[in-house]
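Participant: Predicted coordinates and the sequence they were generated for:
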Amino acid sequence: MSDTVQQFFAVKARIAAAEQEAGREAGAVTLVAVSKTFDAADIEPVIEAGQRVFGENRVQEAQGKWPGLKEACPDIELHLIGPLQSNKAREAVALFDVIETVDRDKIAAELAKEIVRQGRAPKLYVQVNTGSEPQKAGIEPRDAIAFVTRCRDVHRIEIEGLMCIPPADENPGPHFALLEKLAREAGVEKLSMGMSGDYETAIAFGATSVRVGSAIFGSR
């Protein structure tokens, strides 16, 4: 068994333990294995070990490796977890099953147009910049609920969940608590939060999916 596959099973076990610790149902949390910067040969052993949900940061990079992998394994679910430029909306809708980084009206409008044009509707999450970091994508927390409402009422797209990336140098707990509160107020059910260093904390705060890369694939 390769190191990557051992690490994958270790992460799965820790997720199960964190679910139990938090009093959550077994299997309540989806593992999104973040495969950005790794090629198909690195990813295939994890697929063979049973993983079906993966995350990528860039549309162009994903286009280079995932069509073949998805053809070989049609039940794979691919998430876009990096910022989306409006000129990549067409490609994103065609390739991804979940887009987690809707964060402005221009993107929402482009996605709505492509969903109608292609007849393909990925699940959509709004990214919230819980730390109000100027260098980071995501809508401001104070604007998040109104934006979710606009997505539904103006752009006619359904928002399934919220996503956040807390500041690296802060306790993530308050950021996860804020995202959970915003999701409740916005009437969305899914919470994508928690990465390699803090996914167990995120599970305690109600994450429905965690995005784990380096703890599975190693450093890039």
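Facilitator: Yep, that arrived.

Participant: what residues does the helix or strand harbouring residue 7 touch?
Facilitator: Applying DSSP states H and E as the criterion places residue 7 in helix 3-21. Helix 3-21 has contacts (C-beta atoms under 8 Å, 6 or more residues apart in numbering) with 25-29, 31, 33, 42, 45-46, 48-49, 51, 199-200, 203-204, 210, 212, 215-218. C-beta here means a position set from N, CA and C on the backbone, and glycine is covered the same way.

Participant: In ChimeraX, select just the buried ones from those.
Facilitator: Applied in ChimeraX, the following selects the buried portion of those according to 16 or more other C-beta atoms under 10 Å:
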select :29,31,33,42,46,49,51,199,200,203,204,210,212,215,216,217
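
Participant: Filter the contacts of helix 3-21 down to just the ones in strands.
Facilitator: The strands, defined by DSSP state E, take in 31, 33, 210, 212 from the contacts of helix 3-21.

Participant: And the second one, what's its pLDDT?
Facilitator: I take that to be residue 33. If you check residue 33, the pLDDT there is 98.

Participant: you'd agree it is up against residue 54?
Facilitator: Yes - under the criterion of C-beta atoms under 8 Å, residue 33 makes contact with residue 54 at 5.2 Å.

Participant: Which parts of this structure are strands?
Facilitator: 30-34, 53-56, 77-80, 98-102, 123-128, 161-164, 190-192, 209-212.

Participant: Tell me how many other residues surround residue 189.
Facilitator: 10 (other C-beta atoms under 10 Å).

Participant: Where does pLDDT dip in this structure?
Facilitator: Of all residues in the chain, none has pLDDT under 70.

Participant: got the CA positions of stretch 158-173 in PDB?
Facilitator: Taking C-alpha atoms only, stretch 158-173 is exported to PDB below (Å, rounded to 0.1, in the frame of the first residue of the first chain):
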ATOM      1  CA  GLU A 158     -29.900  27.600  -6.400                       C
ATOM      2  CA  ILE A 159     -27.200  27.900  -3.700                       C
ATOM      3  CA  GLU A 160     -26.700  24.700  -1.800                       C
ATOM      4  CA  GLY A 161     -24.100  25.700   0.700                       C
ATOM      5  CA  LEU A 162     -21.400  28.100   2.000                       C
ATOM      6  CA  MET A 163     -17.600  27.700   2.000                       C
ATOM      7  CA  CYS A 164     -14.800  29.500   3.900                       C
ATOM      8  CA  ILE A 165     -11.100  29.500   4.300                       C
ATOM      9  CA  PRO A 166     -10.200  31.000   7.800                       C
ATOM     10  CA  PRO A 167      -7.100  33.200   8.200                       C
ATOM     11  CA  ALA A 168      -4.100  31.000   8.600                       C
ATOM     12  CA  ASP A 169      -2.900  32.700  11.800                       C
ATOM     13  CA  GLU A 170      -6.200  32.700  13.700                       C
ATOM     14  CA  ASN A 171      -8.200  30.100  15.600                       C
ATOM     15  CA  PRO A 172     -10.600  28.700  13.000                       C
ATOM     16  CA  GLY A 173     -13.400  27.900  15.400                       C
END
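
Participant: chain center to that stretch, what's the gap?
Facilitator: Mean-position distance between stretch 158-173 and its chain equals 10 Å (C-alpha atoms, centre = their mean, to the nearest Å).

Participant: May I see the buried residues of it?
Facilitator: Quick answer for stretch 158-173 (16+ other C-beta under 10 Å): 159-166, 172.

Participant: quick revisit: could I get the strands of the chain as TSV with distance to residue 154?
Facilitator: Below are these laid out as TSV (distance: least, C-beta to C-beta, whole Å):
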stretch	distance to residue 154
strand 30-34	29
strand 53-56	28
strand 77-80	22
strand 98-102	13
strand 123-128	14
strand 161-164	18
strand 190-192	21
strand 209-212	27
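
Participant: Done for today, thanks.
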